[in-house]
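Asker: got a predicted model here, sequence first, then my questions.
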Amino acid sequence: MPHRLLRLNEVKQRTGLSKSSIYNQINDGTFPQPVLIGARAVAWVEGEIQEWINTRIAERRKAA
């Protein structure tokens, strides 16, 4: 299955996070690293973003 790359706006929409929250979590090591797709452009691997979302849901279920 081919990988799909998501640009920042779609990552923000899927996660509900702001740009600064995404980059803060990247710096903390708690959010997937982006992939360089151009001289000044990055994107995220869709599967890694979905895995991050699934982990948040699983953590909530464990806490309940």
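Answerer: Yes, it's here.

Asker: quick one: the helices in the chain, in order.
Answerer: Applying DSSP state H to the chain gives helices spanning 8-15, 19-28, 46-63.

Asker: which of those sits most buried?
Answerer: For the helices of the chain, the largest average neighbour count (mean count of other C-beta atoms under 10 Å) is found in helix 8-15, namely a mean of 15. Every C-beta, even on glycine, is put in place using the N, C-alpha and C of the backbone.

Asker: tell me what it is packed against?
Answerer: On a contact count with 3 or more C-beta pairs under 8 Å, 6 or more residues apart in numbering; DSSP states H and E, helix 8-15 meets helix 19-28, strand 41-45, helix 46-63.

Asker: tell me which residues of the shortest one come out buried.
Answerer: Right, the one you point to is strand 41-45. Using 16 or more other C-beta atoms under 10 Å as the test for burial, strand 41-45 gives 43-45.

Asker: pick out whichever of those residues sits closest to Leu6.
Answerer: Nearest to Leu6, judged by C-beta to C-beta, of the buried residues of strand 41-45 is Trp44 at 5.0 Å.

Asker: I figured the closest one hits Leu6, correct?
Answerer: Yes - using C-beta atoms under 8 Å, Trp44 makes contact with Leu6 at a distance of 5.0 Å.

Asker: got the contact list for the residue sitting nearest the centre point of the chain?
Answerer: The chain has Ile49 as the residue nearest its centroid, 4.0 Å off, counting by C-alpha atoms, centre = their mean. Contact partners of Ile49, counting by C-beta atoms under 8 Å, 6 or more residues apart in numbering, are 6, 11, 14-15, 32.
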